[in-house]
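Visitor: here is a sequence together with a model predicted from it:
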Amino acid sequence: MIHLLSDEGRHVLRAVAVRPVLYAFDFDGTLAPISAERDAVRVSRTMSEWLQELSKRSCCAVVSGRALADLAPRINGAVPHLIGNHGIEGPLSTQETLLRAEEVCTDWKRQMVAEAAALLAALGAEVEDKRYSLTVHVRGARDAEAACRQTLPLLRRLTPAPQLIMGKYSINVLPPGQGGKGPATLALMVHLRRSGLFFIGDDETDESVFAMTEGLTLGVRVGKQAGSHAKYFLNHPGEVEEVIRFLVHRMDRTPEDVDPDGRMSTGARSSKNS
């Protein structure tokens with residue numbers, strides 16, 4: 001994997017910045033650091049400002065495992081296009097798809113209450129109901145890896161059989177037939193008539209985007225990970241903001257230097273106020 005902020009990576013960014021691509025970002029662990037307190041996660045003020053600047057210059061989207069009702073207030077209008085529930089919810093989702101997903105998740109919850117609730121509680125696992133999908137969080141378990149191992153067989157017994165996607169200290173439980181973030185993001189790219197997709201994400205739920213053989217212009221993983229389909233990586237979420245600043249300056253042809261505290265340079269401020 002190649003560091004996106006290396007000389008080689010910056011050369012690629014300069015080339016991407018002149019193309020009509022869709023810029024899409026995961027939320028937790030990408031635009032905002034992961035936290036054990038899920039409800040407290042927010043993008044920083046400077047990240048929000050730079051996202052708004054990029055959105056003025058090109059099409060941008062946030063693609064998250066969170067439900068849209070949870071995601072939208074955390075983005076607060078900085079980006080116009082939102083996809084939630086690992087691709088199930090989005091601007092192109094049909095009512096039929098959403099109703100079917102909700103029915104399946106409601107039935108799964110009944111099955112889990114009847115068969116697995118006591119064991120999940122004993123393991124320290126928490127089930128998050130996101131209406132159209134479920135997520136089992138094990139971050140609070142005494143032994144997170146053991147909790148995952150013991151939870152997986154329970155989830156595999158659910159009917160209809162779910163699609164299970166491993167996250168960081170979590171297992172995402174999606175209705176069958178859902179392709180994850182990749183197909184939903186690609187469909188949005190086509191709908192917006194973009195020529196390619198630039199995507200940054202941080203865990204296994206983002207690999208369905210990185211693995212796309214068509215449409216993906218640049219895939220970037222936060223955290224270098226052996227076996228990832230992403231060709232490029234960033235060291236931590238703070239570097240995502242640096243990438244966004246770089247892109248804005250390239251699009252404006254302004255100097256790519258910014259103040260150490262992340263404030264907009266004179267060139268970007270002038271463009272913003274023009």
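Guide: Great, that's in hand. Residues are numbered from 1 along each chain as shown.
Visitor: and A226, how many neighbours?
Guide: Residues contacting A226 under the criterion other Cβ atoms under 10 Å number 5. All C-beta spots, glycine's among them, are computed from the backbone N, C-alpha and C.
Visitor: what about it, distance to F233?
Guide: 11 Å (Cβ to Cβ, to the nearest Å).
Visitor: what is in contact with these two at once?
Guide: Counting by Cβ atoms under 8 Å, 6 or more residues apart in numbering, A226 and F233 have no shared contacts at all.
Visitor: what's in contact with stretch 3-21?
Guide: By Cβ under 8 Å, 6+ apart, stretch 3-21 touches 2, 58-59, 189, 193-198, 217-218, 220, 232-235, 239, 242-243, 246-247, 250-251.
Visitor: now list the buried members of those residues.
Guide: 58-59, 189, 194, 197-198, 217-218, 220, 232-234, 239, 242-243, 246-247, 250-251 (16 or more other Cβ atoms under 10 Å).
Visitor: report the residue ranges of every domain in this structure.
Guide: 2-88+180-273, 95-174 (automatic domain parsing).
Visitor: can those go into JSON lines with extra columns for mean pLDDT?
Guide: As requested, those are exported to JSON lines (pLDDT from 0 to 100):
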{"stretch": "domain 2-88+180-273", "mean pLDDT": "90"}
{"stretch": "domain 95-174", "mean pLDDT": "90"}
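Visitor: now, of those, which is deepest in the fold?
Guide: domain 2-88+180-273 (a mean of 19; mean count of other Cβ atoms under 10 Å).
Visitor: quick one, helices of this protein?
Guide: Secondary structure of the chain by DSSP state H: the helices cover 7-16, 45-57, 68-75, 95-115, 117-123, 144-156, 181-191, 207-210, 238-252, 266-273.
Visitor: out of those helices, nearest to Y132?
Guide: Among these, the nearest to Y132 by Cβ to Cβ is helix 95-115 (4.0 Å).
Visitor: surely K109 touches R131?
Guide: No - K109 lies out of contact with R131 (Cβ atoms under 8 Å); the separation is 10.6 Å.
Visitor: any idea how far the closest residue to R74 other than its chain neighbours is from P33?
Guide: Nearest non-adjacent residue to R74, counting by Cβ to Cβ, 6 or more residues apart in numbering: R42, 5.8 Å away. Going from R42 to P33 by Cβ to Cβ gives 10 Å.
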